[in-house]
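**Student:** this one's structure only:
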């Protein structure tokens with residue numbers, strides 16, 4: 001805030017020069033002004049017609065001097081006077097800073113010769129200029145603004161997209177390890193890779209190529225290798241038959257009991273309730289049938305213990321429940337899974353497949369003798385990719 005005594009002195013100085021013209025409204029470029037020393041001092045133009053005031057180290061133009069006066073040596077004086085004007089009397093007593101008295105203005109000059117304009121030598125730093133200078137400044141910001149943009153990135157449509165390039169270099173596949181090797185569809189527990197196709201079934205049962213002449217005793221019981229193959233594979237997947245020894249034992253017993261998939265029931269002895277491609281007896285037929293649902297629609301309370309006491313009609317009706325292709329080819333695998341002990345299974349899973357393991361399966365699990373069955377078993381083992389069992 002400017003002290004009141006200095007502000008009054010500024011007013012008096014302005015009055016002493018006969019109300020000098022106000023500087024031009026447009027402030028001159030601060031950078032083009034001449035430098036000066038002693039802020040608040042007055043300097044004159046070469047011809048004495050204009051005066052300047054030093055402000056912040058720059059000579060600010062204050063306008064032309066009044067008529068009949070000149071600016072010389074930093075003073076405003078009459079044209080005929082060579083002496084310095086007398087000192088301006090001290091200002092009247094000042095009021096408090098908040099209620100400063102208005103200064104008495106000097107009278108305006110008349111048409112007569114102008115009287116010398118009395119001004120006071122400004123003391124150093126006693127007048128504070130109210131002239132405002134404007135400087136342009138460039139401001140460099142060091143702030144960091146973080147902007148989060150959501151959505152897909154903009155696409156520059158003027159940029160040509162290069163086509164993708166397919167490398168022609170062939171990269172060899174890595175050798176499989178015990179941890180990364182791909183597993184086969186059928187995974188044997190002992191290293192035997194099991195693969196079943198229609199051609200393999202035809203090698204084991206050559207007469208299953210056609211059902212051209214079905215037996216009159218079982219007209220709907222015949223099945224071809226083409227029909228049998230997917231059903232056998234599905235049953236082996238369901239009951240986890242995964243080795244050559246197990247598959248050979250089960251396929252060969254079905255081929256032997258059904259005469260090459262020709263029958264679904266016992267026609268030689270005409271025993272009621274015995275059937276499927278494995279020719280299971282009625283107690284096993286009722287048990288197998290009940291894995292697919294209740295048999296109460298035929299007769300309530302049927303079990304493997306009482307089925308043999310039922311009428312032939314009831315036994316045949318139960319057999320009819322499992323004579324369809326999706327069930328008859330699965331009977332051998334179900335029986336093996338449900339009724340053969342672990343020792344029998346371990347023998348058939350071993351490599352190489354042996355006749356002894358298969359014999360144990362027939363005698364201990366199935367409850368029959370080898371008889372003339374061995375050639376069919378050997379054929380099945382070799383057709384499935386195993387070595388001839390001994």
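**Tutor:** Cool, the structure landed. Small disclaimer: the values here were computed from a predicted structure and weren't measured. Numbers count the residues shown, from 1 in each chain.

**Student:** Does residue 283 touch residue 302 like I think?
**Tutor:** No: Residue 283 lies out of contact with residue 302 (C-beta atoms under 8 Å); the separation is 10.5 Å. C-beta here means a position set from N, CA and C on the backbone, and glycine is covered the same way.

**Student:** Neighbour count: those two, which is higher?
**Tutor:** Between residue 283 and residue 302, counting by other C-beta atoms under 10 Å, residue 302 is the more crowded of the two (21 against 15).

**Student:** excluding its backbone neighbours, what's nearest the more buried one?
**Tutor:** Excluding its sequence neighbours, the residue lying closest to residue 302 (C-beta to C-beta, 6 or more residues apart in numbering) is residue 295, at 5.0 Å.

**Student:** List the residues that contact the one you found.
**Tutor:** Residue 295 sits next to 286, 289, 302, 318, 321 when contact means C-beta atoms under 8 Å, 6 or more residues apart in numbering.

**Student:** now it: how far from residue 249?
**Tutor:** Separation of residue 295 from residue 249 (C-beta to C-beta, to the nearest Å): 29 Å.

**Student:** What of residue 236?
**Tutor:** Look at residue 236 and residue 249: by C-beta to C-beta, they are 12 Å apart.

**Student:** More neighbours: these two, which one.
**Tutor:** Just comparing residue 236 and residue 249: by other C-beta under 10 Å the higher neighbour count belongs to residue 249, 29 against 22.

**Student:** Doesn't that one lie inside a strand?
**Tutor:** No: assignment of residue 249 by DSSP: H, G, I helix; E, B strand; the rest coil gives helix, placing it outside any strand.

**Student:** So it sits against residue 358, correct?
**Tutor:** Yes: judged on C-beta under 8 Å, residue 249 makes contact with residue 358 at a distance of 5.5 Å.

**Student:** between those two, what contacts are shared?
**Tutor:** Common contacts of residue 249 and residue 358 (C-beta under 8 Å, 6+ apart): 348, 377.

**Student:** In three-state terms, label the closest residue to residue 44 other than its chain neighbours for me.
**Tutor:** Spatially, and ignoring its direct neighbours in sequence, residue 44 is nearest to residue 71 (3.6 Å; C-beta to C-beta, 6+ apart). Under three-state DSSP, residue 71 falls in the strand class.

**Student:** Contacts only, for residue 71.
**Tutor:** Residue 71 neighbours (C-beta under 8 Å, 6+ apart): 42, 44, 45, 48, 49, 50, 51, 65.

**Student:** Could you do residue 327 as well?
**Tutor:** Contacts here follow C-beta under 8 Å, 6+ apart; on that basis residue 327 touches 276, 288, 292, 321.

**Student:** quick one: pLDDT of residue 228?
**Tutor:** Predicted confidence (pLDDT) at residue 228: the value is 98.

**Student:** tell me which element it is part of?
**Tutor:** Remark: residue 228 resides in helix 225-238, with elements defined by DSSP states H and E.

**Student:** next helix or strand past the worst-scoring helix or strand of the chain on mean pLDDT?
**Tutor:** The helix or strand of the chain with the poorest confidence is helix 4-16; it has a mean of 46 (mean pLDDT, DSSP states H and E). Remark: after helix 4-16, the chain's next helix or strand is strand 42-44, criterion DSSP H and E.

**Student:** That next one pairs with which strands, and in what direction?
**Tutor:** strand 50-55 (antiparallel) (DSSP bridges).

**Student:** name the helices or strands packed onto the next helix or strand after the partner strand?
**Tutor:** Moving toward the C-terminus from strand 50-55, the next helix or strand (DSSP H and E) is strand 58-64. If you count contacts as 3 or more C-beta pairs under 8 Å, 6 or more residues apart in numbering; DSSP states H and E, strand 58-64 packs onto strand 50-55.

**Student:** thinking again about what came up before, would you reformat the contacts of residue 295 as JSON lines and include pLDDT, secondary structure and distance to residue 327?
**Tutor:** Supplementary listing: the contacts of residue 295 in JSON lines, determined by pLDDT from 0 to 100; DSSP: H, G, I helix; E, B strand; the rest coil; distance: C-beta to C-beta, whole Å:
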{"residue": "286", "pLDDT": "98", "secondary structure": "helix", "distance to residue 327": "13"}
{"residue": "289", "pLDDT": "98", "secondary structure": "helix", "distance to residue 327": "8"}
{"residue": "302", "pLDDT": "98", "secondary structure": "coil", "distance to residue 327": "17"}
{"residue": "318", "pLDDT": "98", "secondary structure": "helix", "distance to residue 327": "12"}
{"residue": "321", "pLDDT": "98", "secondary structure": "coil", "distance to residue 327": "8"}
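
**Student:** Right, I'll leave it there.
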